[in-house]
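Enquirer: fold the following for me, if possible:
(one chain, ligands or ions: 2)
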Amino acid sequence: MITDIVILAAGQGTRMRSAKPKVLHTIAGKPMVEHVINQAQSIPDSRIHLVVGHGAEQVKAALSDYSVNFVTQSEQLGTGHAVAQALPSLTEGSRVLILYGDVPLTPADVMTAMLSQVTANSMSLLTVELANPQGYGRIVRQSGAITAIVEHKDASDDQRQIREINTGIMAVSQSHLAKWLPTLSSDNAQSEYYLTDIIAMAASEQVAVVGSQPAFEQLVQGVNNRQQQAELERWYQRQLAEQLMAEGATLADPARIDIRGELSTGSDCFIDINTLFEGKVELGNNVTVGANCILKNCTVADGSVIEPNSIIDQSTVAENCTVGPYARLRPGTELAIGAKIGNFVETKKSLIGEGAKVNHLTYIGDAEIGAKVNVGAGTITCNYDGVNKFKTVVGSGAFIGSNTSLVAPVSVGENAVIGAGSTITKDVEDNALSVARGRQLTKSNWKK
Ligand code: UD1
Ligand code: MG
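Expert: Ligands and ions are numbered 1, 2, ... in the order given. Reported below is the predicted structural model:
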């Protein structure tokens, strides 16, 4: 059966105090609405409808990679009105799941379970008991059965004592929605068309409202302000940390790791404090990531050690390498097995060969450094003439003396030796010694 998923995202989110629409604010580096879409996407035979209003153009632009049907709600007249805008796009006889774009962490299995409760005479509602239910719609039950939702502003003192609240997430048949939504009235405390009023309609027509509760209240937590965003972020990061530990990684402190993307770890990895992982990061077995490192869209193979305060971006590190401390691997860096990048070294779009060492204070860009090459401290590949980038090739076994400038395009042959302080502008053949610097002049008994 077809499932229509309607995600409400037209509200302004005034309390975020932001120029950006609320649903584009992030949890774990990803816009909240994208979390919702990603979970919804896993439901088979489904179509996603996103109701947009405030900041619609920004929201559409941010989600242009997704196949989503955007429905515009030009005036925000309430949640019932919002769903009604999507009604013409829904498939006749489908099951409809209603989600909020600012409730980012509801997992797909909760959605699936709710959809399975939708029949010709039943619907599904996700509720939760809160210690402080202030502001939420209250779940009214009679002899255990859900008979209505009363919004906080419309509730009597007695009803405000109810701690079971409406998360807003529900599943219901298209035919019921088509029947009930046009009959909603805005005669209430907020003069809005409340989606929640369909619950009393269901009850009066003997359509059972099946209530279910999430495993954690954070799974249905909405974000209305920056404080709630930060709280949910920390909770979610803790879950990701727990999952990594369950998979066998050691975290020096599960409260001091941040994952904004997907991190996978092999066996026996050690991740120190204040580490940030962005995009897709894969660590092999026995990888160590030192304190204060940032790893983004990269792979680090078995046995490699990333020393503290290093940054690795769109790069690959093969087995048994050492990087850092204080190294920066920029996009396109590939380290072969056992390569060593030391402190204050920057690399970009370069291959560093097997067992090669670039230990101190060096820039290697647009270069191929062969196996077992030793690059001395302070060496620079001069790859840019202000207009174009040029390549430097260093053959295996070569020794580059300290403080050498390799002015690209240039190549240094295998096993060649470059004297310290050289400025190399011409190719050096295999096995040669090349020195390119002012000769030392010493005058004895010199007087000032
Ligand atoms: C709503 C529920 C309340 C529930 C609470 C849970 C109603 C009437 N009330 O209240 O029972 O406890 O959520 O957080 O449904 N939106 C639109 N268009 C609109 C109005 C809202 O797209 O015209 C979207 C908002 O962007 C938001 C969601 O719907 O994502 C909920 O709207 P909001 O105004 O936050 O509803 P609440 O008053 O919090
Ligand atoms: Mg709300």
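Enquirer: contacts and neighbour counts: CA atoms only from here.
Expert: Will do.
Enquirer: who touches the top helix by length along the chain?
Expert: When every helix of the chain is counted residue by residue (DSSP state H), the longest turns out to be helix 226-246. For helix 226-246, the external contacting residues (Cα atoms under 8 Å, 6 or more residues apart in numbering) are 16, 27-28, 218, 221-223, 251, 254-255, 257-259, 264-265.
Enquirer: make it 7 Å
Expert: For helix 226-246, contacts defined as Cα atoms under 7 Å, 6 or more residues apart in numbering pick out Met16, Ile27, Ala28, Gln218, Val223, Leu251, Pro254, Ala255, Asp258, Ile259.
Enquirer: now, of these, which are buried?
Expert: Applying 16 or more other Cα atoms under 10 Å to the contacts of helix 226-246, the neighbour count classes Met16, Ile27, Ala28, Gln218, Val223, Leu251, Pro254, Asp258, Ile259 as buried.
Enquirer: distance from stretch 181-196 to the middle of the chain?
Expert: In terms of Cα atoms, centre = their mean, to the nearest Å, the centre of stretch 181-196 is set 37 Å apart from its chain centre.
Enquirer: that older thread, what about dumping the CA coordinates of the longest helix of the chain to PDB?
Expert: Extracted C-alpha coordinates of helix 226-246, given in PDB (Å, rounded to 0.1, in the frame of the first residue of the first chain):
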ATOM      1  CA  ARG A 226      18.800  27.300  20.700                       C
ATOM      2  CA  GLN A 227      18.700  25.800  24.200                       C
ATOM      3  CA  GLN A 228      16.600  22.900  23.100                       C
ATOM      4  CA  GLN A 229      18.700  22.500  20.000                       C
ATOM      5  CA  ALA A 230      21.900  22.200  22.200                       C
ATOM      6  CA  GLU A 231      20.300  19.800  24.600                       C
ATOM      7  CA  LEU A 232      19.100  17.500  21.800                       C
ATOM      8  CA  GLU A 233      22.500  17.700  20.100                       C
ATOM      9  CA  ARG A 234      24.300  16.600  23.300                       C
ATOM     10  CA  TRP A 235      21.800  13.700  23.800                       C
ATOM     11  CA  TYR A 236      22.200  12.600  20.200                       C
ATOM     12  CA  GLN A 237      26.000  12.800  20.400                       C
ATOM     13  CA  ARG A 238      25.900  10.700  23.500                       C
ATOM     14  CA  GLN A 239      23.800   8.000  21.600                       C
ATOM     15  CA  LEU A 240      26.400   8.000  18.800                       C
ATOM     16  CA  ALA A 241      29.200   7.700  21.300                       C
ATOM     17  CA  GLU A 242      27.400   4.800  23.000                       C
ATOM     18  CA  GLN A 243      27.000   3.100  19.700                       C
ATOM     19  CA  LEU A 244      30.700   3.400  18.900                       C
ATOM     20  CA  MET A 245      31.700   1.900  22.200                       C
ATOM     21  CA  ALA A 246      29.200  -0.900  21.700                       C
END
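Enquirer: Glu57 - how many residues pack around it?
Expert: 12 (other Cα atoms under 10 Å).
Enquirer: kindly report the residues of the chain close to ligand 1.
Expert: Within the chain, the positions adjacent to ligand 1 are 8-11, 51, 76-79, 82, 100-102, 136-137, 151, 165-168, 194-196, 222 by Cα under 6 Å from any ligand atom.
Enquirer: circling back to that earlier point, which of the buried ones among the contacts of helix 226-246 lies closest to ligand 1?
Expert: Closest approach to ligand 1 among the buried ones among the contacts of helix 226-246 (Cα to the nearest ligand atom): Val223, at 8.5 Å.
Enquirer: so that closest one makes contact with Val103?
Expert: Yes. If you go by Cα atoms under 7 Å, Val223 and Val103 touch, sitting 6.5 Å apart.
Enquirer: find the helix or strand that the residue lying closest to Ala148 once chain neighbours are set aside is a member of.
Expert: Excluding the flanking residues, the one nearest Ala148 by Cα to Cα, 6 or more residues apart in numbering is Ala200, at 4.5 Å. Here Ala200 sits within helix 198-204, counting by DSSP states H and E.
Enquirer: make a markdown table out of the buried ones among the contacts of helix 226-246 and add distance to Tyr66 and secondary structure.
Expert: Below are the buried ones among the contacts of helix 226-246 laid out as a markdown table (distance: Cα to Cα, whole Å; DSSP: H, G, I helix; E, B strand; the rest coil):
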| residue | distance to Tyr66 | secondary structure |
| --- | --- | --- |
| Met16 | 25 | helix |
| Ile27 | 19 | strand |
| Ala28 | 19 | coil |
| Gln218 | 26 | helix |
| Val223 | 23 | coil |
| Leu251 | 35 | strand |
| Pro254 | 33 | coil |
| Asp258 | 26 | strand |
| Ile259 | 23 | strand |
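Enquirer: if we can go back for a sec, need the max-distance pair from the contacts of helix 226-246.
Expert: The most widely separated members of these are Met16 and Leu251, with 32.7 Å between them, by Cα to Cα.
Enquirer: count of neighbours near the closest residue to Leu115 other than its chain neighbours?
Expert: Nearest non-adjacent residue to Leu115, counting by Cα to Cα, 6+ apart: Ala171, 5.8 Å away. Other residues near Ala171 number 30, with proximity taken as other Cα under 10 Å.
Enquirer: likewise for Asn445?
Expert: Using other Cα under 10 Å, Asn445 has 6 neighbouring residues.
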